[in-house]
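Novice: I'd like to go over a predicted model; first the sequence, then the structure.
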Amino acid sequence: MADFVGAIDQGTTSTRFMIFDHSGNEVGRHQLEHEQILPRPGWVEHNPIEIWTRTEAVVRSGLNKTGLGASDLCALGITNQRETTVVWDKRTGRPLYNAIVWQDTRTDRIASALDRDGRGDVIRKVAGLPPATYFSGGKIQWILENVDGVREAAERGDALFGNTDTWLLWNLTGGTSGGVHVTDVTNASRTMLMDLETLDWDEQLLNFFNIPRAMLPSIRPSSSPDPYGLTLNSGPLGGEVPLTGDLGDQQAATVGQVCFAPGEAKNTYGTGNFMLLNTGHELVHSKAGLLTTVCYQFDDDRPVYALEGSIAVTGSAVQWLRDQLGIISGAEKSESLARQVEDNGGVYFVPAFSGLFAPYWRSDARGAIVGLSRYNTNAHIARATLEAICYQSRDVAEAMESDSGVHLEVLKVDGGVTANDLCMQIQADVLGVPVSKPVVAETTALGAAYAAGLAVGFWNSTDELRANWNEDKRWEPAWTPEQRDSAYARWKKAVQRTLDWVDVD
C-alpha cells in the first residue's frame, strides 16, 4: 500500500492540498486564495471555474514540492465549504451562475416565507435546520427563479447542483466525460432538502423549493471502500487515485479532532466559527437555536449525528479590519495591535454582516460597533474583534449545554485563528474552561484524509486515529467569575443593538 493520503480542502477563502503520513503528520501542502465577489450588499459569490483551476494548481504544486506522485497516495479525501451552491450545465461543464456562498443573504425573503406559512416547522423536523439564508435549498431556488434558462435546463436534466465537494468530484472524475455526480451525507444535510433519518432527498422538501430531483447528486457515506470515483490520468494528480472520503468542512474537523464519542466537542476558527458536539446515533432536535446535522457516516455503519452552532463572521471580521478598514496590514497583525491595550475600553463589536446565525438566527441583524468614546483607538477595535469571536462561541456553548446537558470540561480548537495566542486566551477567559489546540492544527484537511484512509485500510480503526492526536498548547482561564459574567452581560446588550436593522418581508 502507498505511504500517504491526500486531502483537498476547498474553503471559503482558499483551496489547499495536503498530504499526510500514517501518524497523521503533514508531509506537504500548497494553498491558493480565490476572489471574493461582492456584487451587492449581502451578496457573496465565488467563481466555480476559478475554484477548479485553483484546485488543479494546488494539487500539482503540492505533489511537485514533495516529489510525490499519484502512486504514492493510497486514497484522496475532499472537504469543503458547505452550503455554497454551484449549478452547472452537465453538457458543457460551465457554471450557469456564480457559486452563491453560504454567507450570502439574498434569500432572506425565501427563508422568511417558509416560516410564515408553517413549512419551516416541517424543515426543522425533517432536515434538522431552521429556514435560513445559510443553507443551499433557498440558493438553488433563487438561481432557478432568477437566472435565464436554468429552470428549463433543470427540467431537461441538463442542470446539475452541488456544493463545492460535488463540483470538484465531478471535475476530478471526468467532468463532461463521465464525471460522477455525488455528495456525502454531511453535505446533503446542509441543504434543507435531506431527511436526517432516511438520509435521502425528501420529496416534500423538494416541493417546498420547487427543485427538480434530477438536479441533485446521489448521497453516499462520508467514507466508503467503494470509491466515489477515480481521478483521471490526465487530471492534476497525473494518475488514478480512489476518491474514498468526502466530508463538509466542520464535520471533517470533528473527525480530525477525533471527537468520536458522544459528548466530545470541537470549535473551528475560520472564516466563521463552527462548534460541533457529537451526539452519537441519537438525533437531538435543538430547542436552543442549534442545528441538528449528520456528523459522519463511515461505510455502511449507522450515521453519527451532531449538534452544531454555526457563527457566520469571526475570522472574516479580522479580514474586514485588513481589507475594508485598513487598520492592519495582515491578519496576524490583529494580535499585536490588540495587545497595545489591556482591555476593550468599553467597545463591543458584533460582526453581524450576514445577520446573526446560531443561536439567534436573525437575518434582520447587521454589524455594529458600540460603546465608542473619544478615548478609544484602533487597538480597542482590534481587541473587540477578537473578543467578538470568543463571545459568539460562548453563545453557542451555552446553547449546547441547554440542549444536551453536557457541560464542556475543555474545548478542543483548530483553524487559522488558533495561531492568535491572545484570542485563545480570551476564549478561555470568556468560557471559563481550558482551551486545547492539537499539534496538527489543520484538522479539516486531516479529517478528510482520515475518512479516505479508513476506507482503504490505511488506518484500521478510529482508535488508531485517537493515538495520533497530541496536544500542542493549552490556555487556562484567568478571569474571575465576576469579570466573566459582567463582560458577557455587556456582550448580550450589544447583540440587542444589532437586531431589527433590516426589514425582512
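Specialist: Arrived safely. Numbering: from 1, shown residues only.
Novice: CA only for contacts and neighbour counts going forward, please
Specialist: Fine.
Novice: Could you measure from the residue of the chain positioned farthest from its centre over to residue 249?
Specialist: Distance to the chain centre peaks in the chain at residue 374, reaching 38.1 Å (criterion: CA atoms, centre = their mean). Note on residue 374: its distance to residue 249, by CA to CA, to the nearest Å, is 42 Å.
Novice: same deal with residue 319?
Specialist: Distance of residue 319 to residue 249, given as CA to CA: 20 Å.
Novice: who are the neighbours in contact with residue 393?
Specialist: Residues near residue 393 by CA atoms under 8 Å, 6 or more residues apart in numbering: 273, 275, 311.
Novice: Go through those residues and name the one nearest residue 122.
Specialist: residue 311 (23.4 Å; CA to CA).
Novice: Quick check: the closest one touching residue 356?
Specialist: Yes. Using CA atoms under 8 Å, residue 311 and residue 356 qualify as a contacting pair, with a distance of 7.4 Å.
Novice: contacting residues for residue 126?
Specialist: Contacts of residue 126 (CA under 8 Å, 6+ apart): 194, 195, 196, 197.
Novice: farthest-separated two in the residues you listed?
Specialist: 194 and 197 (8.7 Å).
Novice: which of those two has more neighbours?
Specialist: Each of residue 194 and residue 197 has its neighbours counted (other CA atoms under 10 Å); residue 194 has more, 26 against 11.
Novice: Hmm, the more buried one is touching residue 201, no?
Specialist: Yes. Residue 194 is within contact range of residue 201, at 4.4 Å (criterion: CA under 8 Å).
Novice: Identify the residues contacting residue 343.
Specialist: Counted by CA under 8 Å, 6+ apart, residue 343 has contacts 380, 383.
Novice: Ramachandran angles for residue 206?
Specialist: phi -60, psi -40 (degrees, to the nearest 10).
Novice: where along the stretch 251-400 of the chain do the helices fall?
Specialist: Taking DSSP state H, counting those that start in this stretch, the helices of the stretch 251-400 of the chain run over residues 315-320, 333-338, 378-404.
Novice: So which of those helices is nearest residue 344?
Specialist: With respect to residue 344, and counting by CA to CA, the nearest of the helices of the stretch 251-400 of the chain is helix 378-404 at 5.0 Å.
Novice: ok now do the closest residue to residue 20 other than its chain neighbours, which residues does it touch?
Specialist: Excluding the flanking residues, the one nearest residue 20 by CA to CA, 6 or more residues apart in numbering is residue 26, at 4.7 Å. Residue 26 makes contact with 18, 19, 20, 440 under the criterion CA under 8 Å, 6+ apart.
Novice: related to what we said a few turns ago, in CSV: the contacts of residue 126, plus pLDDT and secondary structure.
Specialist: Shown next, in CSV, are the contacts of residue 126 (pLDDT from 0 to 100; DSSP: H, G, I helix; E, B strand; the rest coil):
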residue, pLDDT, secondary structure
194, 97, strand
195, 97, strand
196, 97, coil
197, 95, coil
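Novice: I'd like those residues as CSV, with distance to residue 213 appended.
Specialist: Formatted as CSV, these follow (distance: CA to CA, whole Å):
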residue, distance to residue 213
194, 11
195, 14
196, 17
197, 18
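Novice: Check the secondary structure at residue 191 for me.
Specialist: Following DSSP: H, G, I helix; E, B strand; the rest coil, we place residue 191 in the coil state.
Novice: so what's it closest to, chain neighbours aside?
Specialist: residue 136 (4.4 Å).
Novice: Find me the pLDDT at the one you found, would you?
Specialist: Residue 136 is assigned a pLDDT of 97 by the prediction.
Novice: Likewise for the one 4 residues further on?
Specialist: Here the pLDDT value assigned to residue 140 is 98.
Novice: Could you do the one 3 residues further on as well?
Specialist: Each residue has a pLDDT score; the one for residue 143 is 97.
Novice: Quick one: classify it as helix, strand or coil.
Specialist: Residue 143 ends up helix, using three-state DSSP.
Novice: residue contacts, it?
Specialist: Residue 143 is in contact with 97, 150, counting by CA under 8 Å, 6+ apart.
Novice: quick one: it from residue 88, how far?
Specialist: For residue 143, the distance to residue 88 (CA to CA) stands at 11 Å.
Novice: what residues do these two have in common as contacts?
Specialist: Residues touching both residue 143 and residue 88 by CA under 8 Å, 6+ apart: residue 97.
Novice: For the closest residue in space to residue 39 that isn't next to it in sequence, list each beta-bridge partner.
Specialist: Using CA to CA, 6+ apart and skipping residues adjacent in sequence, the residue nearest residue 39 is residue 45, 7.9 Å away. Residues in a beta bridge with residue 45, per DSSP bridges, are residue 37, residue 100.
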